[in-house]
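Asks: Pasting a predicted model and its sequence here:
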Amino acid sequence: MTDKYTQFVNRGLGKNVAKKLGLPQPAILRRYQPGQPLITGPILVQGNTAGADALAASLLSWDLDVRRHAVPREKLGAIVLVLDELDGPRDLEGPVLAAASSLRDLAPSARVITVSRPAGSSKNPSQAAARQGVDGFLRSLAQELRAGATGNGILLADGVTATSPSALAAVRFLLSGRSAFVDGQFLTVSSAEGRLPADFAKPLAGKVAVVTGAARGIGAAIARTLHRDGATLVLVDIPAAGDHLAAVANEVHGTALQLDIGREDAGQRIIEHALQRHGHLDIVVHNAGITRDKLLANMDHARWSSVINVNIAAQLRINEALLASEHFRNAPRIVSVASTSGIAGNRGQTNYAASKGGVMGMVRASAPLLAERGGTINAVAPGFIETDMTARIPVALREAGRRLNSLRQGGQPTDVAEAIAFLASGAAGGINGGVLRVCGQNMVGA
Amino acid sequence: MSVEGQSVTGPQESSTPVATAAVPTPRRAVVVGGNRIPFARSGGAYTKSSNQDMLTAALDGLIARFGLQEERIGEVAAGAVLKHSRDFNLTREAVLGSALSAETPAYDLQQACATGLETVLGLANKIKLGQIDSAIAGGVDSASDAPIAVSEGLRQVLLDLNRAKTLPQRLQVLSRLRPKDLSPDAPNTGEPRTGLSMGEHQALTTAQWNVSREAQDQLAFASHRNLAAAYDAGFFDDLMTPYRGLTRDSNLRADTTLEKLATLKPVFGKSLGAEATMTAGNSTPLTDGASTVLLAAEEWADAHDLPKLAAVVDGEAAAVDFVHGKDGLLMAPAFAVPRLLARNGLTLADFDFYEIHEAFAGTVLSTLAAWEDEEFGRTRLGLDGAFGTIDRTKLNVNGSSLAAGHPFAATGGRIVASLAKMLHAKGSVDGRPARGLVSICAAGGQGVVAILEAL
């Protein structure tokens, strides 16, 4: 649940005290509940390109309240800034300043979403400068937003329109409470692949998903979220965690598979189980992971090798089996749990960070292999998440870990699960080989 | 099924149906899989767990393994040997506490240590007859959380007190109470008709069949070694769900040696004159635990995309007159197996796995000795000679009760689920399905045995 400090500063006395003393005031974040509207309040779509018009039309078709011009002092649910035709840095000013005048009208837990193009693909220095400029702009703006509002961007590869399935799905994800703890991040849509679901409340209906490390914590939250979204679940964890695994399986009406993913035949066993019990296999979430923290000077073989084996070697081996299988070819999805430790580093976690960095490398290199099969592979990198594991961190360190991000709080396991469910969905078929951070825009690691 | 080969006659013959040709072949009942919690030595990890807690945990693990949440199972049958009177509906209560549909009927069954196997056979028969399509058989026992009764004297006083209507009557009833009536009546595993414990009974049999200390220790050693190897191979990964911090049977001593077993002092048969041979190492300890087995008609298993490991072919019960010393207390399987095999046209050599419950090492070895004995074969089994010998490398290959422990009613489920998995892995042998024999002895001079066949 939301930590005690956050609860305190969101109520009468605590709210006053925090305000007077200038203490950080983390907001209670808007999180997705089934049946809840996608977003409350109008969405202001800024930008005068064809892409902006088309995107506004799509949002309208979802029965959302869409504005093309701001109405002064009207509370806004979101601002979508379409910047898909920038030619030079000066092109930013118009739309950006137009959005600026509406920032004070943002409702709590509002959203700012930029839609632009990746700088890396441009050979034109001026255009590349403008595109890269969006990166710095958005990350700074996200830090300025208050009251649970977040700022994130969508990067459309050249040739991909703002209304391609994955672009629309990304806009939906970012507008919704599913992205509560995603802040200051970019999602790259590299192709027009993907299909929007018939029912946005059950985007994973008919899919069979495997979740490793599902007995507790983030893994159990992933199981619950995928179940809520309509998936049929195979839950995997080591035999020693079988009692917790059984409890989660019975809660989400899935099947429990007690299996050490470090075993040579783990991939085969997972495929066989899914096929026999459920007839097919569509989604694999590599969540199982361990930490064996030690300063490198004190590192030993057991600590190093067990972390590498479980966190990355096992994933590589299972993926090999999946890619070799003829039964993993119907728009398959792989989502791996990485970590911000693998991006920014973390003292005492050389082994863990190496393994999680490895996950991101694996995802990038595996993307073309999945694309050949009409599928995708992506990673989600959690920052500070409130789990049993982080609850054991000493108080001072834990408080620092929690507050050192734009939302001034730790994330919930469901926040990670929501990002994974999004990347596992059929609509996210155009997002491949990327890493999505769920960290509340953690200050470390950019 | 036709009866060929040996004919079974003699004192134990009368109940054997010989002609079954007119009966139409019923449909098959198959073992889909099983789940148990690790067995714990009494007074250990499950000291505070009730029979209902443990049976519910074993059920929930089974439900999770096979995705049976909210499923209405045809019937669930289980039981406990040491049972509180408040647990009159133990199995139904466990079902209600589990993730199964609350519309799943259940009943309790009690046949001492044969309880678990008898639930399998009874439910399998219902499936074969078409009365139900799916079933869960099981058993549980806690020697730690055992019921304690008030003394017979206090019980009579309390009942009379309840019937008394006036104060003088009540005082009169209470005046009968004596200090000795206040000491509770703890359960024991002694035989009511002989007063001897099961171990003392087996000591008589062990001595009668001249089973040596070395042979018993060897069997115990093999049980530990085989069970430890099975764990290391991951054999129990889909047969067991941890419980209360336990991930393996706590009685298992993976590092035990014959030398260590040889140092243990005898605990049973010390008054027999001959050298006592039964120790804590070659006898099962009091144990807590629970097991379950999912049974189904083939159509049900197919419709639910579930595996079919083995068919429950047939079963047989026998009892012996141990009260007058005619046979040893735990020797009933020595009679049940020959009858069962005769009915199915099989010989002792026709099996690929033998699961003979190790109540005591001496029980297994006495039974094997009886089968190998020409005299016993002729005079007691009515055969031309000895019943037969078994290939000892096929006996309890993944360990048995000496290593795993023996929560009385839970042993049958443990054996059936493990054997079904082994048979399925073995597949076929010489063009016929792999075959397994289960033999379980029980208090009261009873025994239940069964045949399983690979699918």
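Replies: That came through fine. Numbering: from 1, shown residues only, chains lettered A, B, ... in the order given.
Asks: if I've got this straight, A:S109 is in a strand?
Replies: Yes. Under DSSP: H, G, I helix; E, B strand; the rest coil, A:S109 falls within a strand.
Asks: Give me the secondary structure label for the closest residue to it other than its chain neighbours.
Replies: Leaving aside its sequence neighbours, A:S109 sits nearest to A:R30 (Cβ to Cβ, 6 or more residues apart in numbering or on different chains; 3.5 Å). Glycine gets a C-beta too; all of them are placed from N, C-alpha and C. Look at A:R30: counting by three-state DSSP, its state is coil.
Asks: separation between A:R30 and chain B?
Replies: 31 Å (Cβ to the nearest Cβ, to the nearest Å).
Asks: where does that residue fall, phi/psi-wise?
Replies: The phi/psi pair for A:R30 (degrees, to the nearest 10) reads phi -80, psi 120.
Asks: shaky segments in the chain?
Replies: Looking at chain A here, since you left the chain open. Along chain A, segments meeting pLDDT under 70 span A:1, A:444-446.
Asks: ah, I was thinking of chain B
Replies: For chain B, applying pLDDT under 70 flags the ranges B:1-24, B:186-189, B:274.
Asks: can you name the farthest residue from the center of it?
Replies: Taking Cα atoms, centre = their mean, the residue of chain B most remote from its mean C-alpha position is B:P168, at 51.4 Å.
Asks: which stretch of helix or strand covers that one?
Replies: For B:P168, the host element (DSSP states H and E) is helix B:167-174.
Asks: That helix packs against which elements?
Replies: Using 3 or more Cβ pairs under 8 Å, 6 or more residues apart in numbering or on different chains; DSSP states H and E, the elements in contact with helix B:167-174 are helix B:152-163.
Asks: what residues does the helix it packs on touch?
Replies: B:149-150, B:170, B:173-174, B:176-178, B:180-182, B:185 (Cβ atoms under 8 Å, 6 or more residues apart in numbering or on different chains).
Asks: now stretch A:65-73
Replies: Counting by Cβ under 8 Å, 6+ apart, residues outside stretch A:65-73 touching it are A:41-45, A:56, A:59-60, A:74, A:76-77, A:98, A:101-102, A:105.
Asks: Show me which helix runs longest in chain A.
Replies: As assigned by DSSP state H, the longest helix anywhere in chain A is helix A:350-372.
Asks: What is the subsequent helix or strand relative to that helix?
Replies: strand A:376-382.
Asks: Would you mind giving the orientation angle of that following strand with respect to helix A:350-372?
Replies: 150 degrees (axes from the mean of the first three to the mean of the last three Cα atoms, to 10 degrees).
Asks: From B:H201, how far out is B:G195?
Replies: Distance, B:G195 to B:H201, by Cβ to Cβ, to the nearest Å: 10 Å.
Asks: And these two? Which one has more around it.
Replies: B:H201 (24 against 9; other Cβ atoms under 10 Å in any protein chain shown).
Asks: and the strand or helix carrying the more buried one, C-alpha only, in CSV?
Replies: Using DSSP H and E, B:H201 sits within helix B:198-208. C-alpha atoms of helix B:198-208 as CSV (Å, rounded to 0.1, in the frame of the first residue of the first chain):
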residue,chain,number,x,y,z
MET,B,198,2.2,-52.7,16.5
GLY,B,199,6.0,-52.8,16.9
GLU,B,200,5.8,-55.6,19.4
HIS,B,201,3.4,-57.5,17.1
GLN,B,202,5.8,-57.1,14.2
ALA,B,203,8.7,-58.2,16.4
LEU,B,204,6.9,-61.5,16.8
THR,B,205,6.5,-61.8,13.0
THR,B,206,10.0,-60.7,12.3
ALA,B,207,11.4,-63.4,14.6
GLN,B,208,9.0,-66.0,13.2
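Asks: thinking again about what came up before, residue contacts, the residue nearest to A:S109?
Replies: Per Cβ under 8 Å, 6+ apart, neighbours of A:R30: A:108-109, A:148, A:177, A:180.
Asks: Which parts of chain B are strands?
Replies: B:29-36, B:40-41, B:75-78, B:106-108, B:134-141, B:266-268, B:278-279, B:287-297, B:310-319, B:353-356, B:428-429, B:432-433, B:435-442, B:446-454 (DSSP state E).
Asks: ok, now chain A?
Replies: So, for chain A - with DSSP E - the strands run A:43-46, A:66-67, A:76-82, A:106-116, A:150-156, A:186-189, A:208-212, A:232-237, A:255-258, A:283-286, A:333-337, A:376-382, A:435-438.
Asks: how far does stretch A:236-252 stretch from start to finish?
Replies: Stretch A:236-252 has an end-to-end distance of 13 Å (Cα to Cα, to the nearest Å).
Asks: Can you get me the centre-to-centre distance for that stretch and its chain?
Replies: Chain-centre distance of stretch A:236-252: 25 Å, with Cα atoms, centre = their mean, to the nearest Å.
Asks: quick one: contacts for the residue in the stretch 1-150 of chain A positioned nearest to chain B?
Replies: Using Cβ to the nearest Cβ, the single residue of the stretch 1-150 of chain A nearest to chain B is A:P34, 19.5 Å away. A:P34 sits next to A:201, A:228 when contact means Cβ under 8 Å, 6+ apart.
Asks: Angles on the backbone of it, please.
Replies: Torsion angles, degrees, to the nearest 10, at A:P34: phi -60, psi 140.
Asks: who in the stretch 251-400 of chain A is up against chain B?
Replies: When proximity is defined as Cβ under 8 Å from any Cβ of the partner chain, the stretch 251-400 of chain A approaches chain B at A:253-260, A:263, A:276-279.
Asks: returning to what we had before: can you put the strands of chain A in TSV and add mean neighbour count?
Replies: Converted to TSV, those look like this (neighbours: other Cβ atoms under 10 Å in any protein chain shown):
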stretch	mean neighbour count
strand A:43-46	25
strand A:66-67	18
strand A:76-82	25
strand A:106-116	24
strand A:150-156	26
strand A:186-189	25
strand A:208-212	28
strand A:232-237	28
strand A:255-258	28
strand A:283-286	29
strand A:333-337	27
strand A:376-382	28
strand A:435-438	24
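Asks: Nearest to B:L368, out of these?
Replies: strand A:255-258 (35.0 Å; Cβ to Cβ).
Asks: hmm, who's touching the closest one?
Replies: With Cβ under 8 Å, 6+ apart as the test, strand A:255-258 has contacts from A:233-239, A:242, A:245-246, A:248-249, A:269-270, A:273, A:277-278, B:61, B:64-67, B:237-238, B:241.
Asks: Mind doing that once more with 7 Å?
Replies: A:234-237, A:239, A:242, A:245-246, A:249, A:270, A:273, A:277, B:64-67, B:237-238 (Cβ atoms under 7 Å, 6 or more residues apart in numbering or on different chains).
Asks: Name the residues of the longest helix of chain A that are buried.
Replies: A:350-360, A:362-364, A:366-367, A:370-371 (16 or more other Cβ atoms under 10 Å in any protein chain shown).
Asks: what's the angle from that helix to strand A:333-337?
Replies: 170 degrees.
Asks: just checking, what packs against helix A:350-372?
Replies: If contacts are counted by 3 or more Cβ pairs under 7 Å, 6 or more residues apart in numbering or on different chains; DSSP states H and E, helix A:350-372 sits against helix A:301-308, helix A:314-324, strand A:333-337, helix A:341-344, strand A:376-382.
Asks: for the shortest one, the distance to its chain's centre please.
Replies: The gap between where helix A:341-344 is centred and where its chain is centred comes out at 16 Å by Cα atoms, centre = their mean.
Asks: For the stretch 1-150 of chain A, which segments count as helices?
Replies: Ranges of helices in the stretch 1-150 of chain A, per DSSP state H, counting those that start in this stretch, are A:4-8, A:12-21, A:50-61, A:93-100, A:125-144.
Asks: What about residue 247, how many residues nearby?
Replies: Defaulting to chain A. Around A:A247 there are 19 residues (other Cβ under 10 Å).
Asks: ah, I was thinking of chain B
Replies: B:T247: 18 neighbours (other Cβ under 10 Å).
Asks: Could you check how far the closest residue to it other than its chain neighbours is from A:A221?
Replies: Spatially, and ignoring its direct neighbours in sequence, B:T247 is nearest to A:A240 (4.5 Å; Cβ to Cβ, 6+ apart). Distance, A:A240 to A:A221, by Cβ to Cβ: 21 Å.
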